[in-house]
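Visitor: Give me coordinates for this.
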Amino acid sequence: MGLQRLFRRAEFSDGVIDLIPVREAPASRELGFGHERVWRIAEHRKTREIGRLSYRDGESLGVYYFGHIGYHIDPPWRGHHYAERACRLIRKEILRGGKSSVVITCDPDNQPSRKTCLALGCVWESEVAVDEGLQRRFDISRRKERYIWILRKEES
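Guide: As a prediction, this is how the structure comes out:
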């Protein structure tokens, strides 16, 4: 396999981080994620993955608890606002898909994710108990905080 295939080019970049496409997942029938896109987060012009970002365009019980956007940053690279930057990089793509708002969820004790949501300008919606069946099947937390990120076209 050639290096170009191994290290795909960045689809989105802000000069600090690059989002490199990983895959386009088929629609998850079980979770109702709809079309899901996943990107590796890398420092600009570097190939080492420092985290991941996913965007799901579906509407379902699964999206209610998991959110439209999911992200993680590996421990050595935390504290640099990379998750916030990654979310902002896909903003126009979300708008092109016809959505004007998306949900981001986090565990109640995940202060860094909460800070990311607030830095994006998200509005706290609620804290909800996760469906027991989903908890057991997907080993997720019992509670989730739901944040709504309202996307304004004029901010493009």
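Visitor: Residue 146 reaches residue 128, doesn't it?
Guide: Yes: Residue 146 is in contact with residue 128 according to CB atoms under 8 Å; the separation is 6.3 Å. The way it works is simple: take the backbone N, C-alpha and C, and place the C-beta from them, glycine included.
Visitor: So which elements touch the top helix by length along the chain?
Guide: Ranked by residue count and defined by DSSP state H, the top helix of the chain is helix 111-120. Counting contacts by 3 or more CB pairs under 8 Å, 6 or more residues apart in numbering; DSSP states H and E, helix 111-120 packs against helix 82-89, strand 101-106, strand 143-150.
Visitor: returning to what we had before: which one of residue 146 and residue 128 has more residues nearby?
Guide: Each of residue 146 and residue 128 has its neighbours counted (other CB atoms under 10 Å); residue 146 has more, 19 against 14.
Visitor: three-state assignment of the closest residue to that one other than its chain neighbours?
Guide: Distances taken as CB to CB, 6 or more residues apart in numbering put residue 125 closest to residue 146, at 4.3 Å, once the chain neighbours are dropped. For residue 125, the assignment made with DSSP: H, G, I helix; E, B strand; the rest coil gives strand.
Visitor: From what I see, residue 125 and residue 150 are in contact.
Guide: No: using CB under 8 Å, residue 125 is not in contact with residue 150; the gap is 11.1 Å.
Visitor: I'd like the helices and strands packed on helix 111-120 as TSV, with mean pLDDT and distance to residue 19 appended.
Guide: Formatted as TSV, the helices and strands packed on helix 111-120 follow (pLDDT from 0 to 100; distance: least, CB to CB, whole Å):
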stretch	mean pLDDT	distance to residue 19
helix 82-89	98	5
strand 101-106	98	16
strand 143-150	98	17
